[in-house]
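Asker: next input, structure requested:
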Amino acid sequence: MKKIFWLTILAAFGLTGAAQTTNNTLLWRITGKNTTKPSYLFGTIHMICATDIQLSDSLKIAIHNADKVYLELDMDNMFEMLGALGKMKMRNDTTLSDLLTKEEYQKVKEYFNKKGGLIPFSMLETYKPMLAASTLMEQNMDCDNMIVMEQLVMEEANKSNTEIKGLESVNFQMSIFDSIPYKLQAKQLLKYVEDEGKGESSGSKELEALTKAYRNQELKKLEDLINSDQSLGGFNDIL
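Answerer: Residues are numbered from 1 along each chain as shown. Okay, the predicted model is just below:
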């Protein structure tokens, strides 16, 4: 569960450039006999320390030469992004207290209140538990200067007035979290809180390993790390 929030795919279409010669790369050229121009596929990581990442010259050239840049979501559309807030809540006015025992609920509440954050627990407890967990993971990262990598890509695209689009909608993405039982999500959130409270969580080490593999563009290592997380059982495929 700790890994699924951090990896996504960005596709930049209508580009020109050289073919790839190695598997250790995040930027891939896509072409075929019926295509007049190649496309490029680039893998991003959602949240990362600013000191750990920068856009390569080849990626900047690809973005500048693109007809369009497609992100996972159209993050350039403020109405779309603001709409995400309302879609983060569980259906049917469900709250965390409906999914956990009184003792479990109190444990999670105390942990959130102790950690603090911009979002009050009274709001977070209405969120789909996996989304609430992601706010904890972000707070627990050992970094004072977190950045959203998609923002870097958008800034680069804006320099050349390249149009930015989205492959998916907020409604679609939020519906995925409705396909995973809220109770299972709540139990995973509880486990994360309990492990952190006992100092036994391996989440930070796992995220550190993911970030290192990403910086080194080790695709096989990234795949192995992501697939090793089976905390959601058969629901990993949905994500």
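Asker: what residue in the chain is the furthest from its centre?
Answerer: Outermost residue of the chain with respect to the C-alpha centroid, by C-alpha atoms, centre = their mean, is Lys33; its distance is 33.8 Å.
Asker: all helices for this structure, in order.
Answerer: For the chain, the helices defined by DSSP state H cover 57-64, 78-87, 102-115, 121-124, 129-140, 149-159, 170-178, 182-197, 203-215, 219-227.
Asker: including distance to Ile45, could those helices go into TSV?
Answerer: C-beta here means a position set from N, CA and C on the backbone, and glycine is covered the same way. Below are those laid out as TSV (distance: least, C-beta to C-beta, whole Å):
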stretch	distance to Ile45
helix 57-64	14
helix 78-87	19
helix 102-115	23
helix 121-124	24
helix 129-140	13
helix 149-159	6
helix 170-178	17
helix 182-197	20
helix 203-215	5
helix 219-227	9
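Asker: so for Thr44, which of the ones you listed sits nearest?
Answerer: helix 149-159 (4.6 Å; C-beta to C-beta).
Asker: name the residues of that closest one that are buried.
Answerer: 149-150, 152-154, 156-157 (16 or more other C-beta atoms under 10 Å).
Asker: turn the residues you listed into TSV, including distance to Val108 and pLDDT.
Answerer: Listed next are these as TSV, based on distance: C-beta to C-beta, whole Å; pLDDT from 0 to 100:
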residue	distance to Val108	pLDDT
Met149	30	83
Glu150	30	87
Leu152	34	89
Val153	35	91
Met154	34	91
Glu156	40	93
Ala157	40	94
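Asker: nearest to Gln217 among the residues you listed?
Answerer: Nearest to Gln217 among the buried residues of helix 149-159, with distances taken as C-beta to C-beta, is Met149, at 13.7 Å.
Asker: would you confirm that that closest one contacts Cys49?
Answerer: No. Met149 lies out of contact with Cys49 (C-beta atoms under 8 Å); the separation is 10.7 Å.
Asker: least confident of the helices of the chain, on average?
Answerer: Among the helices of the chain, helix 78-87 has the lowest mean pLDDT, at a mean of 69.
Asker: stretch 36-49: end-to-end distance?
Answerer: Using C-alpha to C-alpha, to the nearest Å, the end-to-end distance of stretch 36-49 comes to 38 Å.
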